[in-house]
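Novice: Got a sequence here, can you build the structure:
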Amino acid sequence: MLTKRIIPCLDIKDGRTVKGVNFENIRDAGDPIELGALYAQQGADELVFLDITATNERRKTLAELVTNIARHVNIPFTVGGGIAAVEDVSVLLQSGADKISVNTSAFKRPELVDELAREFGSQCIVLAIDTRFEDGDWYVYLNGGRVKTDVKAYDWAREAVSRGAGEILLTSMNNDGTKQGFALDITGLLSQNLNVPVIASGGAGTMEHFVDVFETAQADAALAASIFHYKEIEIPALKQYLYKKGVNIRF
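Specialist: Predicted coordinates for the structure are as follows:
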């Protein structure tokens, strides 16, 4: 049985780690390289590094930063932000990233997922979906949660997986930054119906929330940012807690 993964997320803006509440009011949370190295040392299973300036300002993710992270971090990490072509991915993987994450660009041109999977293999293609519950369903949002679409998150996830996405990173915008728990319903819908791993994101506030998302929603991994960045929950203690609750994790 595969172990459940704990994944700190580092949102990067202008070379610094930031964390907002519900995608707004961004605060500084430190140096991404220092933080990444600390999390690796503490037992994080993977890291996700998202350049949140990238898509909105049409800027390519900084390959230099990836090179630096690779130099200081000894666990797998995923990079996202502004990736729109095979060339972008080549640069990032060569700079040391293990996986890349696509979001808006893939939604606007779904063939991108096919191209990336064909070129690099599904195992390093993560499809990120920002979703919000409204009008009775979960809809896809683009450009860092600024643009609403009329497509349901589950439908888009299913299509992307059929095109070769190897993993889904699902962020609930309703839950993001609230520390009230993950969105168990939509996370469960995806993780129980898709044949690729689902990373739950948005809403982690207590250790119990991680148990819920692993046991109830059956997520394969759980991602969080502010609770780790501001040391509200430390990874070794979280893993100890999950272990005691019978969750299968790596020490």
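Novice: Does the closest residue to I233 other than its chain neighbours belong to a helix, a strand or coil?
Specialist: With sequence-adjacent residues excluded and distances taken as CB to CB, 6 or more residues apart in numbering, I233 is closest to I227, at 4.6 Å. All C-beta atoms are positioned from the backbone trio N, CA, C, and that covers glycine. In terms of secondary structure, I227 is helix; the call rests on DSSP: H, G, I helix; E, B strand; the rest coil.
Novice: So I227 is in contact with G202, correct?
Specialist: No. Contact between I227 and G202 fails when scored by CB atoms under 8 Å: they sit 11.8 Å apart.
Novice: Of the two, which one has the most company?
Specialist: Using other CB atoms under 10 Å as the criterion, I227 and G202 rank with G202 on top: 26 against 20.
Novice: what about the spatially closest residue to that one that is not a sequence neighbour, is that helix, strand or coil?
Specialist: Distances taken as CB to CB, 6+ apart place D176 nearest to G202, at 3.7 Å, with adjacent residues excluded. Here D176 takes the coil state, with states given by three-state DSSP.
Novice: Make sure D176 is actually in contact with G205.
Specialist: No. In this structure, D176 is not within contact of G205 by CB under 8 Å, at 11.3 Å.
Novice: Pick out whichever of the two has more residues nearby.
Specialist: D176 (24 against 19).
Novice: OK, contacts around the most centrally placed residue in the chain?
Specialist: In the chain, the C-alpha nearest the mean C-alpha coordinate belongs to L169, at 4.7 Å (CA atoms, centre = their mean). L169 makes contact with V48, T78, S101, V126, L127, A128, I129, I199, S201, L223 under the criterion CB atoms under 8 Å, 6 or more residues apart in numbering.
Novice: Contacts for the host helix or strand of the third one next, please.
Specialist: Same thing as S101. Under the assignment given by DSSP states H and E, the secondary-structure element containing S101 is strand 99-102. Judged by CB under 8 Å, 6+ apart, the contacts made with strand 99-102 from elsewhere in the structure are 48, 50, 76-81, 83-84, 88-89, 92-93, 112-113, 116, 120, 123-128, 167, 169.
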